[in-house]
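Participant: with the sequence up front, the predicted model follows.
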Amino acid sequence: MKITALRTARVEIPIEPPLKTSIHQIRSVGCVLVFLDTDVGLVGEGYTFTLSAERLDVLDALIKSLEPIVVGRDPFDVEAIWRGMWNDIHFIGRAGLTIFALSAIDTACWDIVGKATGKPLYKLFGGCRESIKAYASGGLWLSLSVDELVAEAKGFFDQGFRAMKARLGKSHIDEDIERIAAIRDAIGPNIDLMADANQGLSVDHAIRLGRKLEAFNLVWFEEPVPTHDHEGHAAIAAALDTPIASGETEYTHQGIKRMIDAKAADILMPDLQRMGGLTEFRKVAALAAAHDIPVSPHIFSEQSLAIAGSAPNCNYLEHMPWFEPLYNEAMTVEDGMIAMPDRPGIGFTFDMDAVERYRIG
């Protein structure tokens with residue numbers, strides 16, 4: 001079997017109403033979808049995304065620039081293909097959009113491998129579970145009022161979630177505490193609650209806030225300070241009982257290793273497109289396991305089930321609904337759990353009518 005062509009499509013999915021975090025204003029997500037055709041009729045699918053669509057032309061061009069390394073290769077040689085792309089991007093950098101491009105192609109290669117063998121990827125990677133606890137991440141934004149937070153939290157419970165994440169980052173600590181207290185009161189003590197500051201705080205602010213958050217029994221306090229500040233993360237982790245989660249904007253195993261060495265997080269949150277696709281993500285999960293550190297994949301919910309179902313140290317799946325409109329299949333939450341797909345490959349396929357509906361360019 002050979003890869004015969006690399007195709008792309010650019011889409012933009014609006015987010016209504018717009019969302020706010022401590023550092024983001026999010027009105028849409030823009031994606032470059034990747035399709036790898038083969039000489040046996042199988043098609044591998046992957047994607048990469050940005051907030052809004054302004055940089056999709058650059059990302060699309062980077063993906064297409066890697067075509068000569070991919071076309072003509074056996075998709076089962078996924079490690080060799082990954083290494084070829086890794087070597088090719090050396091001169092322009094092994095972080096940022098170059099890794100985004102590599103990741104989408106790598107994930108599409110693995111999708112072909114799964115489809116060719118008739119197995120879901122989590123089984124090919126060595127299945128360790130049939131379902132995983134998922135937390136609702138598509139709400140409880142900083143832009144909502146306290147009343148809106150309470151209503152949305154109750155709605156997540158009604159949808160079957162038994163874990164959810166709220167965003168922090170108000171100017172005054174008491175405002176954030178009021179919001180978390182209202183959510184905790186609404187959902188009760190037995191629902192898992194996480195809080196995410198989206199890298200928007202100083203170390204001192206994060207420690208003062210974190211100490212007050214201890215009363216609400218959070219599963220984790222996520223990204224309190226900018227991702228590059230490993231020493232700051234470590235200081236916060238040492239000062240608080242609540243576990244610190246971070247790592248979603250680190251690149252490849254090298255970035256994660258630096259975090260581990262700095263003791264910057266109690267829970268690591270690798271992001272598929274920043275890790276370098278499923279090939280590198282599997283190594284990152286194993287690296288974390290070797291240090292007895294749990295992982296919780298960042299976004300890419302559908303693709304990350306392959307990791308969640310095969311990495312014993314994966315503790316939660318982030319359920320982000322932004323990309324659901326692109327797929328024929330849907331994840332189902334039952335009593336807080338999402339089942340692993342029993343379909344071959346990634347287990348989720350692009351709905352081409354939806355692709356046309358959201359297509360740009």
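Facilitator: Thanks, I have the structure now.

Participant: please enumerate the strands of this protein.
Facilitator: Under the criterion DSSP state E, the chain contains strands at 3-20, 25-38, 43-51, 131-136, 163-167, 192-196, 221-222, 244-246, 267-268, 317-319, 333-334, 337-339.

Participant: output those strands as TSV; include the columns mean neighbour count, mean pLDDT and distance to residue 67.
Facilitator: Glycine gets a C-beta too; all of them are placed from N, C-alpha and C. Converted to TSV, these look like this (neighbours: other CB atoms under 10 Å; pLDDT from 0 to 100; distance: least, CB to CB, whole Å):
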stretch	mean neighbour count	mean pLDDT	distance to residue 67
strand 3-20	16	94	5
strand 25-38	20	96	10
strand 43-51	23	97	14
strand 131-136	22	98	35
strand 163-167	25	98	38
strand 192-196	24	98	37
strand 221-222	26	98	37
strand 244-246	28	98	34
strand 267-268	24	98	32
strand 317-319	24	98	31
strand 333-334	14	96	38
strand 337-339	18	98	34
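
Participant: residue 234 is nearest to which of those strands?
Facilitator: strand 244-246 (8.6 Å; CB to CB).

Participant: which neighbouring elements make contact with the closest one?
Facilitator: Strand 244-246 sits against strand 221-222, helix 230-239, strand 267-268, with contacts defined as 3 or more CB pairs under 8 Å, 6 or more residues apart in numbering; DSSP states H and E.

Participant: and residue 338, what does it touch?
Facilitator: With contact taken as CB atoms under 8 Å, 6 or more residues apart in numbering, residue 338 is in contact with 131-132, 134, 305, 317, 319, 331-332.

Participant: ok so, going back, buried deepest among the helices and strands packed on strand 244-246, which one?
Facilitator: Here the criterion is mean neighbour count by mean count of other CB atoms under 10 Å, and of those the winner is strand 221-222, at a mean of 26.

Participant: now tabulate the strands of the chain in CSV and tack on distance to residue 77.
Facilitator: Putting the strands of the chain into CSV (distance: least, CB to CB, whole Å) gives the following:
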stretch, distance to residue 77
strand 3-20, 10
strand 25-38, 13
strand 43-51, 13
strand 131-136, 30
strand 163-167, 38
strand 192-196, 38
strand 221-222, 37
strand 244-246, 34
strand 267-268, 29
strand 317-319, 29
strand 333-334, 36
strand 337-339, 31
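
Participant: of all those strands, which one comes closest to residue 285?
Facilitator: The closest of the strands of the chain to residue 285 is strand 267-268. By CB to CB, the value is 8.8 Å.

Participant: now do the longest helix anywhere in the chain against strand 25-38, angle only.
Facilitator: If you go by DSSP state H, the chain has its longest helix at helix 97-117. Computed with axes from the mean of the first three to the mean of the last three CA atoms, to 10 degrees, the direction of helix 97-117 lies at 50 degrees from that of strand 25-38.

Participant: could you check how far helix 97-117 is from the centre of its chain?
Facilitator: Counting by CA atoms, centre = their mean, to the nearest Å, helix 97-117 is centred 15 Å from the centre of its parent chain.

Participant: so what does that helix touch, helix or strand wise?
Facilitator: If contacts are counted by 3+ CB pairs under 8 Å, 6+ apart, helix 97-117 sits against strand 3-20, strand 25-38, strand 43-51, helix 56-65, helix 78-88, helix 121-124, helix 272-275, helix 277-290.

Participant: give me the angle between the longest one and helix 56-65.
Facilitator: Direction vectors for strand 3-20 and helix 56-65, defined by the same axes, to 10 degrees, enclose an angle of 160 degrees.

Participant: re earlier: what is the nearest of the contacts of residue 338 to residue 179?
Facilitator: Closest approach to residue 179 among the contacts of residue 338 (CB to CB): residue 319, at 20.6 Å.

Participant: beta partners for the closest one?
Facilitator: Under DSSP bridges, the beta-bridge partners of residue 319 are residue 136.

Participant: quick one: residues contacting it.
Facilitator: Counting by CB under 8 Å, 6+ apart, residue 319 touches 134-138, 161, 301, 331, 333, 338.

Participant: try 6 Å
Facilitator: Residues near residue 319 by CB atoms under 6 Å, 6 or more residues apart in numbering: 134, 136-137, 301.

Participant: also residue 191?
Facilitator: Residue 191 touches residue 162, counting by CB under 6 Å, 6+ apart.

Participant: what's it sitting at in phi/psi?
Facilitator: phi -90, psi 130 (degrees, to the nearest 10).

Participant: relative to residue 242, how far out is it?
Facilitator: Distance, residue 191 to residue 242, by CB to CB, to the nearest Å: 16 Å.

Participant: what sits against residue 43?
Facilitator: For residue 43, the contact set (CB under 6 Å, 6+ apart) comprises 35, 37.

Participant: who does it bridge with?
Facilitator: Under the criterion used (DSSP bridges), residue 43 bridges to residue 37.

Participant: could you measure from it over to residue 108?
Facilitator: Per CB to CB, residue 43 is found 8 Å from residue 108.

Participant: hey, what's in contact with both of the two?
Facilitator: Residues touching both residue 43 and residue 108 (CB under 6 Å, 6+ apart): there are none.
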